[in-house]
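1. Next one to model:
(chains A and B)
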Amino acid sequence: MRKKATMLLTVLMLLIVTACGNSANTKETQATATEGETTSTEATSTETKKDITLRIAWWGSDTRHEYTQKVIDLYKSANPHVKIDFEYASFDDYWKKLAPQAAANQLPDIVQMDVSYISQYAKNGQLEDLSPFMNNQIQLSDVSENVLSTGIIEGKQYGIPTGVNVLGFQYDPALLTKAGIDTIPEDWDWDKYEELAVTAASNKLFFDSGMAPDVFFNYYLRTKGKTLYNPEGTALGYEDDALFIDFFDRLARLVKAGAAPDPGVANQSKGIVEESDLVKEKGVGIWQWSNQFVGLQTVVNRPMDFAPMIGPDMEKGLYMQPSMYWSVTSNSKAKEEAAKFIDFWVNDVEANKLIKGDRGVPISGKIKESLAPELSDQTKQVFEFVAAMEPKASPMSPAPPVGSPEIIAMLADYAEEINFGQTTAAEVAPKFREAANAILANN
Amino acid sequence: MRRNGVLKSNLTGYAFISPFIIGFLAFTLIPMVISLYLSFTNYNLFSSPRWVGFDNFDKMFTNDPKYWNSVRVTLIYVLLGVPLRLMFALFIAMILNTKSRMVGAYRTMYYLPSIIGGSVAVSIMWRNIFSNEGIVNSVIGWFGITPVQWFGNPDASLVMLISLSVWQFGSSMLIFLAGLKNISVEMYEAAGVDGAKPIRKFFSITLPLLSPIVLFNLIMQTISAFMTFVPAYIISKGEGGPMDGTMLYSLYLFRQAFMFNNMGYASAMAWMMLILIGIMTGLLFITSKFWVFYESEGGR
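-> This is a model prediction of the structure:
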């Protein structure tokens, strides 16, 4: 009996030992494989390229998932030695997946980055400085300095913008008429906006679905020569609570007047384009980034139009924002191959015909030109609107600092409370400033 | 020599339970110790943890109204949801304890919600049922009640969340059913001879004899209710809204950990939750002396 047990034990031990040995072996082979990859990519002339696997991750809508997979297929057919694994999620889920991966040094080779997160990932050493690859693996001679510089954090190029966007009002002209408004004036100001919105409300239509607090409050502050965060990211960029009160009081007034849905209704349809008031013909328009126009228009399926942002001093407030970036992570073992994929994204005409400007108006001038005849009417509208706004825009503020997701969530919570009528902007303004400054003081 | 043999046979035993020991160490004990350490640090996942002593706990108790809100919401959820769920489970179990030909099919049907219980799909379904134009609002519309904005009103959304938890009564129902089967029919017959009505039978026979099982279900369900996460996360789209009305403790913990990257604070919250659950379970055990009836102790 005892003998049998010891036998069993030895077998077990053996199993464990061999199992360990196995995993060690695979690790070794993996390591050599990646070494082999880099050497093979250095010697591009050699015919047999070693197989390589890239991991890539992005967030977005269903349409984005579809065409991105097509672009990946296109890249794979041009580069048969590259295998690409991909993962995608909605915006919120994406960052929840990325954070633990970052902590475990398991990030995908290429990640889609957002302006609100890029400085955090860059400063924590998760992203690779792309400068060595620029005009080497990634051709960027066609891209304007102003656009590229938005990917620079602390002097290093941590992201290549996928395209640029600009804020605006996207609306259905037919519903605008139904709301009792002839046209939206080119140079409207906040009072005019409120007046039009109330007119729409009197005709039982929402004028808009509200404004994302962080984005539009920042825009408003910029028109006043301030910003949401100071340039160093160590505190808020404004001190006068009157600005906060003026902005959020107005939004709350519009909710109260029925010109914008109250948070109860807004909560219901949040994040689901198909359920937005515009689609249900209950609302005239939506405030959002220009790259979201095509997706919205497809669902709405009625002619839509753009109106510029609200003044005065729109020129000071307006900025061209990279819709998102492609970044290469520092834990990637195939950085050059990753860079080549980004180049394909920026410069390949066929790929951009699939992308159709969903990730913003392409940054390469050549692509913009060669794409022009291919564009659908909606996309053309976007390109034209962005082109019209570009000369009016001022430089973008530095990417939001570490801690901004918490501040944005806090601002959204406060805005919701104000819109519910539970509190007033005057009461919240100092509280917000104090709490936000406390978070930013850690930077 | 003899001693060697004992060691050997012990070793065999350890070898056999090693899968559990390794799993327990790697996935439970060591992570717990690490999280205890992290609860005294400021850790954002990217840079190494910085020791801050009791700062996290201090912030939690004195300087974070959202924390207390999440405690309040969770307590309401547990204190309303668990008793309701158990009452419902017992009610259904008693119906299913009757002799009927279809009883097997019914048992399966009633247990189904619990199989798909905590899943994302059910939460999404619940979201649709309670949406502004959903079935619940249509039905109460027939009775002339104005539709409720289930997602607009913080209290209504919590009610919606509790209703979901009540609906998932299957596992406690099955345990109740097993308990009911153990009560001998003679007792009811004897009570019937003495003239007891069904209600009297329920309170004098069923409930006392079932009380150990009630205690078991109560404790298990309370613990799991404290840890509820998925429905609140899905229904509120991860934001605990409206107005933090569905911000359950675990959801707030998750937000601190994975949205704001405050891992230290989240660890501290997790340990407070452990203590809170410990206290609640302890209280239940203490009170059980007064209402749980064990036959073996002759009624005391």
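2. Which elements pack onto the helix or strand containing A:Ala201?
-> Secondary-structure assignment from DSSP states H and E places A:Ala201 in helix A:190-202. On a contact count with 3 or more C-beta pairs under 8 Å, 6 or more residues apart in numbering or on different chains; DSSP states H and E, helix A:190-202 meets helix A:241-257. All C-beta spots, glycine's among them, are computed from the backbone N, C-alpha and C.
3. How far does the helix it packs on sit from its chain's centre?
-> 26 Å (C-alpha atoms, centre = their mean, to the nearest Å).
4. Can you give me the buried ones in it?
-> Neighbour counts using 16 or more other C-beta atoms under 10 Å in any protein chain shown place A:Asp241, A:Leu243, A:Phe244, A:Ile245, A:Phe247, A:Phe248, A:Arg250, A:Leu251, A:Ala252, A:Leu254, A:Val255 of helix A:241-257 among the buried residues.
5. Please identify the buried residues of the helix holding A:Ala201?
-> Using 16+ other C-beta under 10 Å as the test for burial, helix A:190-202 gives A:Tyr193, A:Glu194, A:Leu196, A:Ala197, A:Ala200, A:Ala201.
6. Check the gap between A:Glu390 and B:Val122 for me.
-> To B:Val122, A:Glu390 is 48 Å away according to C-beta to C-beta, to the nearest Å.
7. same deal with A:Ile245?
-> 43 Å.
8. How about the stretch 151-300 of chain B: which residue is closest to chain A?
-> As assessed by C-beta to the nearest C-beta, chain A sits closest to B:Gly152 within the stretch 151-300 of chain B, at 1.6 Å.
9. what about the nearest residue to A:Val115 once chain neighbours are set aside, how many neighbours?
-> Ranked by C-beta to C-beta, 6 or more residues apart in numbering or on different chains and with sequence neighbours excluded, the top spatial neighbour of A:Val115 is A:Ala399, at 5.2 Å. For A:Ala399, the neighbour count with other C-beta atoms under 10 Å in any protein chain shown is 27.
10. what about the residue of the stretch 151-300 of chain B closest to chain A, which SS state?
-> coil (DSSP: H, G, I helix; E, B strand; the rest coil).
11. ok now do it, which residues does it touch?
-> A:Asp262, A:Pro263, A:Gly264, A:Val265, A:Asn267, A:Gln268, B:Pro242 (C-beta atoms under 8 Å, 6 or more residues apart in numbering or on different chains).
12. Could I get the phi/psi values of it?
-> Backbone torsions for B:Gly152, taken as degrees, to the nearest 10, come to phi -100, psi -30.
13. A:Pro401 falls within a helix, correct?
-> No. Secondary structure assignment (three-state DSSP) places A:Pro401 in coil, not in a helix.
14. So it versus A:Gln297, what's the distance?
-> The gap separating A:Pro401 from A:Gln297 is 34 Å, by C-beta to C-beta.
15. same deal with B:Gln256?
-> 38 Å.
16. who has more neighbours, those two?
-> B:Gln256 (25 against 22).
17. so who does the closest residue to A:Pro308 other than its chain neighbours touch?
-> In this structure, A:Pro308 finds its nearest non-sequential neighbour in A:Gly168, 5.9 Å apart by C-beta to C-beta, 6+ apart. Contacts of A:Gly168 were listed using C-beta under 8 Å, 6+ apart, and they are A:Trp287, A:Gln288, A:Ser290, A:Phe306, A:Ala307, A:Pro308, A:Met309, A:Phe385, A:Met389.
18. Go through those residues and flag which are in strands.
-> A:Trp287, A:Gln288, A:Phe306, A:Ala307 (DSSP state E).
19. Mind putting these into JSON lines with pLDDT?
-> Shown next, in JSON lines, are the ones in strands among the contacts of A:Gly168 (pLDDT from 0 to 100):
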{"residue": "A:Trp287", "pLDDT": "92"}
{"residue": "A:Gln288", "pLDDT": "89"}
{"residue": "A:Phe306", "pLDDT": "90"}
{"residue": "A:Ala307", "pLDDT": "91"}
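20. before we move on, the earlier item: can you add secondary structure and neighbour count and give the contacts of B:Gly152 back as TSV?
-> Formatted as TSV, those follow (DSSP: H, G, I helix; E, B strand; the rest coil; neighbours: other C-beta atoms under 10 Å in any protein chain shown):
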residue	secondary structure	neighbour count
A:Asp262	coil	19
A:Pro263	helix	27
A:Gly264	helix	23
A:Val265	helix	19
A:Asn267	helix	25
A:Gln268	helix	21
B:Pro242	coil	27
